[in-house]
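J.: Have a look at this prediction, sequence included:
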Amino acid sequence: MASKVIKGGTVVTADLTYKADVKIEGGKIVEIGPNLSGDETLDATGCYIMPGGIDPHTHLEMPFMGTYSADNFDSGTRAALAGGTTMVVDFALPSPDQSLLEALQMWDNKSSMAHCDYSFHMAITWWGEKVFNEMETIVREKGINTFKHFMAYKGALMVQDDEMYASFKRCAELGAMPMVHAENGDVVADLSAQLLAEGNNGPEAHAYSRPTQVEGEATNRAIMIADMAGVPLYVVHTSCEEAHEAIRRARQAGKRVFGEPLIQHLTLDESEYSNPDWDHAARRVMSPPFRNKAHQDSLWAGLAAGSLQVVATDHCAFTTDQKRFGLGDFTKIPNGTGGLEDRMPMLWTYGVNTGRITMNEFVAVTSTNIAKIMNMYPKKGAMLVGADADLVVWDPEKTKTISAASQQSAIDYNVFEGKTVKGLPRFTLTRGRVALVDGEIKPQQGHGEFVKREPYPAVSKALSTWKELTAPRKVERTGIPATGV
Ligand SMILES: NC(=O)NCCC(=O)O
Ligand SMILES: [Zn+2]
Ligand SMILES: [Zn+2]
């Protein structure tokens, strides 16, 4: 079997930085140390050798708001590799009343084009006995251990509290973890109707309809419901201090809650919606919307402090033509933005280069923490012998100006257009295969494999043990007063 050695670089992991070569054979890391040799050499002089990025939140070719997100598993995973991301976790989304297994089959079909490895979360978009039963098959046979619940998108994907509680309890039984899109969908629907009635129909009204309180309230509600059900909880796209505060408070109280800021919320702010160009503002419509600088500071602080653990993209890209479905009515603008190609360079530029986070924290929040939280460590997210050789050789001196003209994504713009990044991949390797050399992508459709993720034995056991210990118990009394006369 032919081997490769990445030579002359500095290994950077979530907790260590040291000079070493990395040898790869059969798609795995087989040796890490000084003076290694192999059949092929990749020069990492001046570079950092890191676990490849994992994006835990993408929507590729997703049916949503009357259309499909424009990037599929071909363009989406090419974009990932171009930016140093070597794995994506996408959401299988059953339509109302659709079987979970049927939805999964649809996502299996779409993902056969993937250039890098991938896994799925399953969304709970409705509730019933069939869903309850199929969840077991999804976890025990299909290797999916995370279930997403939308608390917003009323009349479409939104689930009610009783459904969420039932589903969370089912997750507890199965050793799975629920995830939430935390926004109060009832309030959003009401505010949207009010704004439209007042003639506020532009893209900026999307942001007005989703103030930070709707996210803070829903985050706190989901945390409390998860605590009552005895499950850990993963909160997607945490965008504001109110939501971060709820997560921080829960973690300080010993609850197993994880928060996921997006690169968009960390680096772009609400002033984008005041742009006089309708297309500019509409292209940035996503939920939750971009916030102000104070909220951005809170998210950055959370990453450094460990109260937020992960940086994702929620990559859900729509073309300008698709965004124009909402001309005259902001509620019809498909929600979502891209970011797969830019997450790692943007986070390095605005996080590591500014001193907001360290290189090791960069690896933690883009890869290792995600692999651990999603229960696929150390196959993924690890610089260890035996781990998959999903690696990025990162050149901290390499720069480029982000432009839609040169991106892999299929859409006609980029929300980071014009931003100059410093820190880019020299090589990206997916299970040992070199998929990017100095900005040039070497695609191989179908190379990507599905990564099975087992239930969470440790966290589930801890939470169910505690639940059992603290369960309400009937008090057995001896001196019961006689009833009646
Ligand atoms: N975030 C967003 O606006 N679109 C993607 C779907 C979701 O995650 O809510
Ligand atoms: Zn969402
Ligand atoms: Zn999403």
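T.: Thanks, I have it. Ligands and ions are numbered 1, 2, ... in the order given.

J.: State the phi and psi torsions of His206.
T.: Phi and psi for His206, reported as degrees, to the nearest 10, are phi -60, psi -40.

J.: pLDDT score for it?
T.: Note for His206: predicted pLDDT of 98.

J.: same deal with Lys467?
T.: So, for Lys467, pLDDT stands at 84.

J.: Off-centre distance for the helix or strand containing it?
T.: Using DSSP states H and E, Lys467 sits within helix 457-469. How far helix 457-469 lies from its chain's middle: 25 Å, per Cα atoms, centre = their mean, to the nearest Å.

J.: which other helices and strands contact that helix?
T.: Where contact means 3 or more Cβ pairs under 8 Å, 6 or more residues apart in numbering; DSSP states H and E, helix 457-469 is packed against helix 161-174. Heads up, the C-betas are built off the backbone N, CA and C, glycines and all.

J.: What are the buried residues along the helix it packs on?
T.: Buried residues in helix 161-174, counted by 16 or more other Cβ atoms under 10 Å: 163-174.

J.: Contacts only, for the residue of the stretch 1-150 of the chain found nearest ligand 1.
T.: Residue nearest to ligand 1 within the stretch 1-150 of the chain: His59 (5.3 Å; Cβ to the nearest ligand atom). The contact partners of His59, by Cβ atoms under 8 Å, 6 or more residues apart in numbering, come to 69, 90-91, 93, 314-316, 336.

J.: Of all the residues in the top helix by length along the chain, which ones are buried?
T.: The longest helix of the chain (DSSP state H) is helix 212-229. Using 16+ other Cβ under 10 Å as the test for burial, helix 212-229 gives 212, 214-223, 225-227, 229.

J.: next one: that helix to chain centre, how far?
T.: Relative to its parent chain, helix 212-229 has a centroid offset of 19 Å by Cα atoms, centre = their mean.

J.: Mind giving me the packing neighbours of it?
T.: Partner elements for helix 212-229 (3+ Cβ pairs under 8 Å, 6+ apart): helix 161-174, strand 177-181, helix 185-197, strand 233-235, helix 241-252.

J.: which helices and strands does the longest one pack with?
T.: Contacts of helix 161-174 with other secondary structure elements, assessed using 3+ Cβ pairs under 8 Å, 6+ apart, are made with helix 129-140, strand 146-150, strand 177-181, helix 212-229, helix 457-469.

J.: quick check: angle from that helix to helix 129-140?
T.: Between the direction of helix 161-174 and that of helix 129-140, the angle (axes from the mean of the first three to the mean of the last three Cα atoms, to 10 degrees) works out to 40 degrees.

J.: Repeat that for the third one.
T.: For the pair helix 185-197 and helix 129-140, the angle between their directions (the same axes, to 10 degrees) equals 110 degrees.

J.: What is helix 185-197 packed up against?
T.: When contacts are defined as 3+ Cβ pairs under 8 Å, 6+ apart, helix 185-197 sits against helix 204-208, helix 212-229.

J.: nearest to ligand 1, of those?
T.: Ligand 1 lies closest to helix 204-208 among the helices and strands packed on helix 185-197, at 9.4 Å (Cβ to the nearest ligand atom).

J.: before we move on, back to that, want to throw the buried residues of helix 161-174 into a markdown table with pLDDT?
T.: A markdown table is the format used below for these (pLDDT from 0 to 100):
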| residue | pLDDT |
| --- | --- |
| Glu163 | 98 |
| Met164 | 98 |
| Tyr165 | 98 |
| Ala166 | 98 |
| Ser167 | 98 |
| Phe168 | 97 |
| Lys169 | 96 |
| Arg170 | 96 |
| Cys171 | 96 |
| Ala172 | 94 |
| Glu173 | 94 |
| Leu174 | 95 |
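
J.: Using JSON lines, lay out those residues together with distance to ligand 1.
T.: Listed next are those as JSON lines, based on distance: Cβ to the nearest ligand atom, whole Å:
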{"residue": "Glu163", "distance to ligand 1": "18"}
{"residue": "Met164", "distance to ligand 1": "16"}
{"residue": "Tyr165", "distance to ligand 1": "21"}
{"residue": "Ala166", "distance to ligand 1": "22"}
{"residue": "Ser167", "distance to ligand 1": "17"}
{"residue": "Phe168", "distance to ligand 1": "19"}
{"residue": "Lys169", "distance to ligand 1": "24"}
{"residue": "Arg170", "distance to ligand 1": "22"}
{"residue": "Cys171", "distance to ligand 1": "19"}
{"residue": "Ala172", "distance to ligand 1": "24"}
{"residue": "Glu173", "distance to ligand 1": "26"}
{"residue": "Leu174", "distance to ligand 1": "23"}
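
J.: Near ligand 1, which residues of the stretch 1-150 of the chain are found?
T.: His59 (Cβ under 6 Å from any ligand atom).

J.: could you redo the last one with a cut-off of 8 Å?
T.: Within the stretch 1-150 of the chain, the residues that sit near ligand 1 (Cβ under 8 Å from any ligand atom) are 57, 59, 62, 64, 69, 91, 150.

J.: Could I get the contacting residues of the closest residue to the fourth one other than its chain neighbours?
T.: Translated: Phe64. Excluding the flanking residues, the one nearest Phe64 by Cβ to Cβ, 6 or more residues apart in numbering is Pro334, at 6.3 Å. The neighbourhood of Pro334, defined by Cβ under 8 Å, 6+ apart, consists of 64-67, 69, 285, 318, 322-323, 325-326.
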